[in-house]
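> test case, fold it:
(3 chains)
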Amino acid sequence: MTTTAPPGTGALPVPAAPPTATPGRLGRFRAGGSGLVFVLPFLLLFVLFLVWPVVQGLWMSFTDSSLALRDTAFVGFDNYAEALGDPDVWSSLGNTVFFTVISSVPLVLVALVMALLVHSGLAGQWAWRLAFFAPYLLPVTVVTLVFTWLYQPDLGFANQFLGALGTDPVGWLSDESVAMWSIAALTVWWTVGFNFLLYLSALQSLPSAFDEAAALDGAGAWRRLWSITLPQLRRTTVLVAMLQVLASLKVFDQIYILTKGGPNASTRPVLEYVYDVGFTGYRLGYASAVSYLFFALIIVVSLVQLRLFRRED
Amino acid sequence: MTARSPVPAPPPEPPRGLTRRRLLGTGLAGAGALLGAGTLAGCASPASASGASALSVWDLFQGGDGMLMDDMIEAVSRQGRGFDVDRTILDWGPSYYTKLAMSAAGGRASDVAVLHLSRLAGYAPGGLLDPFDLELLAEFGVTERDFTPAVWARTKHDGTVYAIPLDVHPFIVFYDKEAAGKAGLLDADGELAPMGSPEALLEAGRGLAEATGAAGILFGHVTDTAQSWRQFAAFYAQTGAAFTLPDGGPPRIDVDAAVEVVSFMRRLFDGRTNPDNLDYNGALAAFTSGRGGMAMLGEWELPTLRKSGIPLGAAPFPQVFDRPAVYTDSHSFVLPHQDDPDPARRREAHRYVAEMIKQSLTWASAGHIPAYQPVLATPEYAALTPQSSYAEAGKAAVLDPPNWFTGAASNFQNRMCQPLQSALLGNTTAEQAVRQMVREADALLKQPNPVA
Amino acid sequence: MSATAPPLRPRRPAPRDAAGSPLLLGHGRLPRVLAGTALVVLAVLWLLPFVWAIATSVQSEQDLSKPGLSPVKGAFTLEAYREILERGNVPVWAFNSFLIAALVTVITVAVSTLAAYGFSRGTFRGRRALLAVTVAAIMVPPQLLVVPLFRQMLLFDLVDTYAAVILPQVVAPMMVFILKRFFDGVPRELEEAARSDGASEFRVFRSVVLPLSRPIVAAVSIFVFIGAWNNFMWPFIVTNDPDLMTLPVGLATVKDAYGIQYAQAMASALLAALPLIVVFLVFQRRIVDSVATTGLGGS
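A predicted model of the protein is given here:
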């Protein structure tokens, strides 16, 4: 943005012949402008609002930094030692992993089924896409408001429906053994559209030659699905699953709004524990330590996934 | 833009009208101006700009209390010089207290907020509250003499007053007057007679059970995160033993007294005369449908109980040990920390608090005992039944032991309730429960105090 | 799928799109009927919460307290909408959401596009290292930075300002990476021509490269906008003043004196949902593309 104004020389000719620049320098900046100036605004923001907090968070995890207005002291590895021995860290980690499993599996499978069905070419492509993808566009609070009402113990749709079937009402969000499943169901409804679109666009870019050949050979629809289409989607599935697991591990919003981690901390994920000890409990330093332990775990998961993915290639 | 095809058309002559670059420039400049305005002016939204003089107040009251608070705000806004009040209600509990602390740390908090007095120790020492100017309050007609010493003592940190109490809201007993009459528990005035000993309360339970043909005393505690602590704290304080929480631990708890209290609670809620496995709403429903003669509840359930139509009586929490003690808390007004308070607004905030406290007769209709004694002394208050029956409860007020992690809706209360619940359900002995409570308190005290 | 085949990867094979894929189902009737049924069942399940919410929002609280499975329990009324709009919080939050999402989008796209081009064509020292750091930063989940970021905002005295909500959201290494890969694929001959004619680097970028990049810039913009509009955790943490809250944060945080009123809750939910649903209806094709491009762009 600080580049000098172009010389007012009028129109530039459209190149008639291939340009004659040195091959090695083709398309690079001239010696005078190295391009750094293009990167600078990003770099400034990157350093201020990403590098700084990453470094500051690491530093804070070794201090007793507090939300209250008082001085901070260095405490060495105290926070990390405390975190590793804190049963709430482990139980919230357990909740997070449990949520990741029960949400990721349906989020991949349902998305795949939806995409295959829509791709099968029935009329109304536009409408199906809208129906499945629209929830993804909703802000989290809209989703939680609607589901709070659906899950409402007395008059909500879910229990009214059970009542109509003659079954006892369920404490969708108040029963410790049910609440996480209710949240997973909400999450599938809300976010499956994203995976669905990824699958759909993968399906649409598959080469159809195999399929056609197999059809000519008289292979049935099921057979072609199992032995041609699904194997072709393997790479997409690995990718979708990778992205989904990472997204599910970072769950906070819908759980915080719906149950605040309850009942009895049975749905509290790690990120909410970070919020609870850091902001509700003022202990920003300790919360940073818990964050960084979780961060390490996420990096390990990402690296393992990358390896697996590379092997897939 | 002119270039639409993949082959670039000649770039347009530089300064002809509004180029994209200039557009981008102005856009960014505009964005920058907006950001800057937001940052510099401190208040950065159309809403706050339009209501620049409105006093912003925060509280956590919904439902019955929420509507009464609306009535009180409307009353003070209309009378005298009036106020322009911008009220914000947040969810009761930890989410409210978290936001209150974060806004105070940020230095742009509301002008006035409601705080449970039991939580003062988590706010005042950390610089999250600003002190009241007592001279200014006196100018608006509110002084220390207007409150009971037991409550006033809890408004201070290091000798400075940080909170002005609106009410005292004790954990009391409600009873069915008919059943209590049948069981012979009423005095000459038709009020619940004092108990005086553990045996007397056990006996009362048996009498009430007989009178109702169902349960005697109802108490909902299963999965509740405060109820069993409230009851334990009341009985424990009645033994005269101390419960203090010095930073770093260990907690100073009289284990023998605590075991005596928990054992008594187990005897009282034996699962036969008095059920031991009710949750909060279960106990409430049983009482309102006449399936129990007495219920141990917070006075704030008064409006709900009144609607049920049972002949309702109320009394301070019964004294069964050596001295009177009632577990209470107190909604109070505080001034959340502001980095740069405007003196005129601060003055208005003091005036607002004083005027609201004078409105506490309205507040009392929900069952709360006004902390402002001149209201308590009025004939209008004396005429409120059953509120006036337990007005004395404020004098024997016992709040949570002060520390940064205790108080209403705190993790501390929750962690005290878990072992108590196990003991009441018969899963552990009284000794085990008390040992667990000591361990939990010790673990909390071992955490570095973030406000000290 | 990925952004590696610029400038304009062929959209999808048109004939297949129009006719669907008869091959997948074969020519039998049965698979067609089965697939159709499954699709309808799924769509009904997915639309049911919307139907229930809409029906709830246009009835009175009293009618809603009647039991029953039918979503329609009483007379039609727009009372809930009227009350919400009168109380005034929702319009303020909607304004904040628009302002914040728009500014985040403009700044992110401007900054990321420039940076991506600089990384793609630049010769400055340390370019590779900086790029590597940027790519590595994609792995940093922003949710794990809320604690130090809040501390930082306390330090800058920005808690409860628009700036605090916006600034941390404009750093998008993923978008820089996606754009950079796109620019890498843009043939450089075009720029050389302009360059050899003495155009400044910025001018080359603006009048040669940007026009070729419209689809990807649109995709990134849409993606960033949706993300900012729906962002919850950071705005929730850094705003306490209700007048500064976005729609998702305000609706989740601020209560009213009467307790939960479901008709009003559903009405405000629907009002908050409306803008992006409309955007989707208008830009359906682009949004679908942007999800595909940016969602798998990192692959």
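
> contacts, neighbours, all on C-alpha from now
Will do.

> need the phi and psi values for residue B:129.
For residue B:129, the backbone dihedrals (degrees, to the nearest 10) come out as phi -120, psi 150.

> tell me the secondary structure of the closest residue to residue B:106 other than its chain neighbours, please.
Spatial nearest neighbour of residue B:106, chain neighbours left out: residue C:159 (5.1 Å); criterion: C-alpha to C-alpha, 6 or more residues apart in numbering or on different chains. Secondary structure, DSSP: H, G, I helix; E, B strand; the rest coil: residue C:159 is coil.

> got a list of what the closest residue to chain C within the stretch 101-250 of chain B touches?
Relative to chain C, the nearest point of the stretch 101-250 of chain B is residue B:106 (5.1 Å; C-alpha to the nearest C-alpha). By C-alpha atoms under 8 Å, 6 or more residues apart in numbering or on different chains, the contact set of residue B:106 is B:338, C:154, C:157, C:158, C:159, C:160.

> try 7 Å
Residue B:106 sits next to C:154, C:157, C:159 when contact means C-alpha atoms under 7 Å, 6 or more residues apart in numbering or on different chains.

> quick check: the last one touching residue C:153?
In other words, residue C:159. Yes - counting by C-alpha atoms under 7 Å, residue C:159 does reach residue C:153; the two are 5.5 Å apart.

> secondary structure element holding the residue sitting nearest the centre point of chain C?
Closest to where the C-alpha atoms of chain C average out (C-alpha atoms, centre = their mean) is residue C:226, at 1.3 Å. Taking DSSP states H and E as the definition, one finds residue C:226 inside helix C:214-230.

> how about residue C:112?
helix C:89-121.

> which elements pack onto that helix?
Judged by 3 or more C-alpha pairs under 7 Å, 6 or more residues apart in numbering or on different chains; DSSP states H and E, helix C:89-121 is in contact with helix A:36-46, helix C:173-185, helix C:214-230, helix C:247-253.

> chain B: which of the ones you listed is closest?
Of all these, helix C:247-253 sits nearest to chain B, with 6.1 Å by C-alpha to the nearest C-alpha.

> can you list the residues of chain C near chain B?
Residues of chain C found near chain B (C-alpha under 7 Å from any C-alpha of the partner chain) are C:92, C:103, C:154, C:157-163, C:207-208, C:211-212, C:240, C:243-244, C:253-259.

> which of these are buried?
Neighbour-count burial (16 or more other C-alpha atoms under 10 Å in any protein chain shown) applied to the residues of chain C next to chain B gives C:92, C:103, C:154, C:157-163, C:207-208, C:211-212, C:240, C:243-244, C:253-257.

> what distance do you get for the residue nearest to the spatial centre of chain B to residue A:63?
Centroid-nearest residue in chain B: residue B:116, 4.2 Å away (criterion: C-alpha atoms, centre = their mean). As judged by C-alpha to C-alpha, to the nearest Å, residue B:116 and residue A:63 stand 30 Å apart.

> low pLDDT regions in chain C?
Scanning chain C for pLDDT under 70 picks out C:1-28, C:294-299.

> in a helix, residue B:432, correct?
Yes - the assignment for residue B:432 by three-state DSSP puts it in a helix.

> pick out the residue in chain A sitting closest to chain C.
The minimum distance from chain A to chain C, using C-alpha to the nearest C-alpha, falls at residue A:121 (3.6 Å).

> that residue - that's part of a helix, no?
No - the assignment for residue A:121 by three-state DSSP gives coil, which leaves it out of any helix.

> picking up where we left off before, for the residue nearest to the centre of chain B, which residues make a bridge with it?
For residue B:116, the beta-bridge assignment (DSSP bridges) gives partners residue B:331.

> and the helices in the stretch 1-150 of chain C?
C:14-19, C:22-25, C:29-57, C:61-64, C:79-87, C:89-121, C:127-137, C:146-155 (DSSP state H, counting those that start in this stretch).

> isn't residue B:275 up against residue B:267?
No - Residue B:275 lies out of contact with residue B:267 (C-alpha under 7 Å); the separation is 10.8 Å.

> more neighbours, these two?
Neighbour comparison, residue B:275 and residue B:267: the larger count goes to residue B:275, with 21 against 16 (by other C-alpha atoms under 10 Å in any protein chain shown).
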